[in-house]
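Undergrad: Please work out how this folds:
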Amino acid sequence: MLIVCPACASEYRIETDRVGAAGRSVRCAACRETWFITPEAVAEAQRAEAGEARIADDRSPPVEGWDAPPPSEPAGAAEEAAPVIDQPAPPPRRPARSPSEARRASKPRSKTFSPALAAGLAACALLPLALLGRATVVRAMPQTAGLFATIGLPVNLRGIDLRDIAAFRNAAEGDRPAQLVVEGDLVGVAKTAAAVPPIEIEVRDERGQPLYRWSVPAPRAVLGEGERARFRASLSAPPAQGRGVEVRFAALPADGASAAPEAPHAAQR
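TA: The predicted model follows:
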């Protein structure tokens, strides 16, 4: 018969004859809980075992008196002969592991990351450093200047900013042709004095295509931090298709191709 510990639910299989029709006390080998197997539980187990035996050999002729319970012992004798069973049936043992399986089980499992997750974590870790040192990044890779400007963090390697750009057209008068005037302020934003490069102006049509470009010299050679200088440029007989103006710094002879492209300043006419 199968008995189950009421405390820890450990299961044991014990022969019904060892319990007896009067029942007896047993003790769980796992938690040491003691409980009493009632005569009703013994009788039910005997009937179940008889039914299993009949199903296993259903072609054999029935045995007379098969379902009759075994003769019960006197209640007093059963109580006197009811010692506690410490371990009715040993719990099942797991098969022994081979040495290689034991070594694998003892090793800590390492966590693996997908390449995409690793790349994402690396990008998250490097992004703050790139934002803080974006000037260094742009010096090494000038093409990233446009990327930083797109996210609202422009990089100014020259230390000079173009501000308050305005463009307007003077109509023609008599023999004097029409004139395009572009003006604005240069402001020093570097901690040290910065050389001022020439200023490049480009006229564009309504589709943003360049029509004409020219350069004017800087109003001052050097600007310190916070210093301002006003520039003014004019173009006689500007292209009639011109609808916009972009202003930027021209490349200095010393920096050439190593200089990062400046973000142009547009002014509509």
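Undergrad: any weak-confidence spans in the stretch 51-200 of the chain?
TA: Residue ranges of the stretch 51-200 of the chain with pLDDT under 70: 52-103, 105-114, 118, 121-149, 151-156.
Undergrad: all strands of the stretch 151-269 of the chain, in order?
TA: Here the stretch 151-269 of the chain has its strands, by DSSP state E, counting those that start in this stretch, at 160-170, 179-188, 194-195, 199-204, 210-216, 222-223, 228-236, 244-249, 265-268.
Undergrad: Columns mean neighbour count and distance to R13 on top of the ones you listed, output as CSV?
TA: To be clear about C-beta, it is placed using only N, CA and C from the backbone, and glycine gets the same treatment. Below are those laid out as CSV (neighbours: other CB atoms under 10 Å; distance: least, CB to CB, whole Å):
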stretch, mean neighbour count, distance to R13
strand 160-170, 16, 89
strand 179-188, 19, 93
strand 194-195, 18, 92
strand 199-204, 21, 93
strand 210-216, 14, 94
strand 222-223, 19, 96
strand 228-236, 15, 98
strand 244-249, 20, 91
strand 265-268, 15, 90
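Undergrad: Mind putting these into CSV with distance to T34?
TA: Listed next are these as CSV, based on distance: least, CB to CB, whole Å:
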stretch, distance to T34
strand 160-170, 90
strand 179-188, 93
strand 194-195, 93
strand 199-204, 97
strand 210-216, 99
strand 222-223, 96
strand 228-236, 97
strand 244-249, 94
strand 265-268, 92
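Undergrad: Looking at these, which is nearest to A9?
TA: strand 160-170 (78.2 Å; CB to CB).
Undergrad: between the closest one and strand 179-188, how many degrees?
TA: If you take axes from the mean of the first three to the mean of the last three CA atoms, to 10 degrees, strand 160-170 sits at 160 degrees to strand 179-188.
Undergrad: Report all helices and strands that strand 160-170 contacts.
TA: strand 179-188, strand 244-249, strand 265-268 (3 or more CB pairs under 8 Å, 6 or more residues apart in numbering; DSSP states H and E).
Undergrad: Mind doing that once more with 10 Å?
TA: Applying 3 or more CB pairs under 10 Å, 6 or more residues apart in numbering; DSSP states H and E, we find strand 160-170 packed against strand 179-188, strand 199-204, strand 222-223, strand 228-236, strand 244-249, strand 265-268.
Undergrad: show me what contacts P210?
TA: Neighbouring residues of P210 by CB atoms under 10 Å, 6 or more residues apart in numbering: 202-204, 239, 242, 246.
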